[in-house]
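Participant: Sequence and computational prediction follow.
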Amino acid sequence: MIIKRVARAKINLCLHVIGQRSDGYHLLDSVVAFAEYGDVLTFAPSESVTLSINGPFGDGLSGTGDNLILQAARCFDRKNGQGAAIHLEKNLPVASGIGGGSADAAAALVGLSELWELPLPDPEKQLALGADVPICVAGQPLRMRGIGEVIEPLELDQDHPMVLVNPNVSVATPKIFKALNNKDNPAVIDGPQTGWIDWLAKQRNDLQAPAIAHSPVIANVLQALKQTAPMLSRMSGSGATCFGLYQTDNAAQEAALRLSARHPDWWIQTTRLTT
Ligand SMILES: C[C@@](CO)(OP(=O)(O)O)[C@H](O)COP(=O)(O)OP(=O)(O)OC[C@H]1O[C@@H](n2ccc(N)nc2=O)[C@H](O)[C@@H]1O
Ligand SMILES: Nc1ncnc2c1ncn2[C@@H]1O[C@H](COP(=O)(O)OP(=O)(O)O)[C@@H](O)[C@H]1O
């Protein structure tokens with residue numbers, strides 16, 4: 001039996017930083033949904049746990065040691081001889097604000113739980129792998145609070161065609177949180193009272209300014225996206241990936257073509273935000 005899971009890109013449609021805990025972690029209020037596109041993981045029975053990696057962003061990652069997939073495998077109380085040959089097709093840029101590592105860890109938790117017929121590790125263990133892991137296990141539109149442990153499922157009105165753009169710079173999350181001056185910003189306005197997009201347009205990503213200060217090219221990405229007339233565009237997570245949402249698949253494809261023609265060195269991916 002071979003099990004396959006797509007580790008979908010996590011998109012912070014907005015991300016408000018509303019406080020800081022005594023251990024330094026920041027309190028968040030974020031609306032999150034997932035792309036159709038992601039890394040692809042497969043799990044086959046084996047006597048030990050191994051990880052092989054390929055794909056466009058696989059080069060910088062090691063298949064041993066602290067890879068989040070192997071850390072996820074260590075969360076299970078498995079029996080002797082219970083292993084898995086895991087393969088990762090790494091399609092998402094690393095350290096890019098779309099939670100590739102957390103999505104991989106979540107996919108590994110779910111895939112291995114099925115392969116080994118063992119219960120999913122509890123939410124606290126999931127959170128210890130990464131603050132974004134529980135939301136990636138949930139894998140549906142949601143509002144996340146705390147550092148990611150408070151999850152409220154939401155119903156997105158419809159699938160939205162989307163373009164993801166990363167200028168091929170990696171951004172270390174802790175640096176961006178550290179550079180944020182005001183840790184005490186207003187929460188997400190409750191909603192949506194009107195349409196989803198109108199509601200989201202009124203929200204923010206509080207990490208956008210410090211991320212731009214760290215990597216000014218993010219401002220160019222946001223400006224280039226704006227010029228393609230999306231319904232909504234913003235940076236996800238701590239960056240540098242930005243997203244644009246469009247009315248139709250055609251509009252998204254045209255936007256992606258236009259962006260690729262002007263910026264052949266950027267990672268540009270057409271996909272859909274799923275309900
Ligand atoms: C900012 C967010 C928004 O969804 O996404 P990304 O930009 O990583 O995709 C997440 O909260 C990131 O979650 P994740 O990437 O799993 O974070 P972790 O590995 O747990 O934390 C990495 C480091 O980021 C900082 N950190 C993380 C989360 C948080 N709420 N406050 C923090 O200050 C801490 O310095 C921590 O040591
Ligand atoms: N399977 C994995 N995929 C991506 N990153 C991983 C993985 N395992 C460990 N990491 C490490 O986790 C860090 C954060 O990666 P990632 O989750 O892609 O960031 P972000 O949440 O900002 O998109 C990187 O520094 C990377 O080296």
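Facilitator: Good, I have the coordinates. Numbering: from 1, shown residues only. Ligands and ions are numbered 1, 2, ... in the order given.

Participant: Okay, buried residues for the helix ranked longest in the chain please.
Facilitator: For the chain, the longest helix by residue count, based on DSSP state H, is helix 100-116. Residues of helix 100-116 classed as buried by neighbour count (16 or more other CB atoms under 10 Å): 100-113, 115-116. C-beta here means a position set from N, CA and C on the backbone, and glycine is covered the same way.

Participant: cool, stretch 216-223 as well?
Facilitator: So for stretch 216-223, counting by 16+ other CB under 10 Å, buried means Val217, Ile218, Ala219, Val221, Leu222.

Participant: How is the chain divided into domains?
Facilitator: What automatic domain parsing lists as the domains of the chain is 3-151, 156-274.

Participant: hmm, back to that, just the buried residues of helix 100-116 now: which is nearest Tyr25?
Facilitator: Proximity of the buried residues of helix 100-116 to Tyr25 (CB to CB) peaks at Ser102, which lies at 14.7 Å.

Participant: Chain neighbours aside, what residue packs nearest to the closest one?
Facilitator: In space, and not counting its chain neighbours, Ser102 is closest to Asp132: 3.7 Å by CB to CB, 6 or more residues apart in numbering.

Participant: Thought Asn12 was touching that neighbour, still the case?
Facilitator: No - contact criterion CB atoms under 8 Å: Asp132 and Asn12 do not qualify, at 9.3 Å.

Participant: Give me the common contacts of the two.
Facilitator: Taking CB atoms under 8 Å, 6 or more residues apart in numbering as the criterion, Asp132 and Asn12 both touch Gly237.

Participant: mean confidence for stretch 138-153?
Facilitator: Mean pLDDT, stretch 138-153: 97.

Participant: same deal with stretch 177-193?
Facilitator: Stretch 177-193 shows a mean pLDDT of 93 in the predicted model.

Participant: And ligand 2, is that stretch touching that?
Facilitator: No - on the criterion CB under 6 Å from any ligand atom, stretch 177-193 is out of touch with ligand 2, staying 11.3 Å away.

Participant: Give me the distance from that stretch to the chain's centre.
Facilitator: 19 Å (CA atoms, centre = their mean, to the nearest Å).

Participant: Regarding it, how distant is the last residue from the first?
Facilitator: End-to-end span of stretch 177-193 (CA to CA, to the nearest Å): 30 Å.

Participant: close to ligand 1, is that stretch?
Facilitator: Yes - Stretch 177-193 reaches ligand 1 (CB under 6 Å from any ligand atom) through Phe177.
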